[in-house]
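> Any chance you can model this:
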Amino acid sequence: MFQKSTFSNKQISMEQAMEELEYLCIEKVGIEYRVRKGSDDGGSHINIYLEMEENQVLPDIAKQVLSSPYKGWRVIKLLCPVGYLESFFPMNK
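Predicted coordinates:
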C-alpha cells in the first residue's frame, strides 16, 4: 500500500526557511543556536545546533516550533555542549 510522504509538496527556498527558523530560535527557544545548511545521502537539509548543559533537556517549545519537516525541508536538531558553537561556528563580528 502506498504511504503518503510526510514531506510537504510546497517547498520554500532554503534561505527563507533558514531565516524563519533563526527567527523562531530567537523569539521562542531562547538558547544559543546556529542554523546551517547540511547534506547527506538523503539530500539537502537544515541543521540546527543547540547549545545545552550536560543534564539539560531540550525545551518542549523547541521540539514543537523546530519540527521536521519545516516547509518542505528536513530539519535536524543537534545538541552540543556549552562552548561548542563559539569554538566551531563563531558569530561574525
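> can you pull the contacts of the residue nearest to residue 39 when sequence neighbours are not counted?
Once flanking residues are discounted, residue 39 sits nearest to residue 45: 6.8 Å by CB to CB, 6 or more residues apart in numbering. Bear in mind the C-beta positions are built from the backbone N, C-alpha and C, glycine included. Residues near residue 45 by CB atoms under 8 Å, 6 or more residues apart in numbering: 38-39, 73-76.
> Buried residues, the helix or strand where residue 50 lies. List them.
Take DSSP states H and E as the rule and residue 50 turns out to sit in strand 43-52. Buried residues in strand 43-52, counted by 16 or more other CB atoms under 10 Å: 45-52.
> one step back: nearest to residue 11, of the contacts of residue 45?
Closest approach to residue 11 among the contacts of residue 45 (CB to CB): residue 73, at 6.7 Å.
> Am I right that that closest one is in contact with residue 15?
No: look at residue 73 against residue 15 with CB atoms under 8 Å: they stay out of range, at 10.8 Å.
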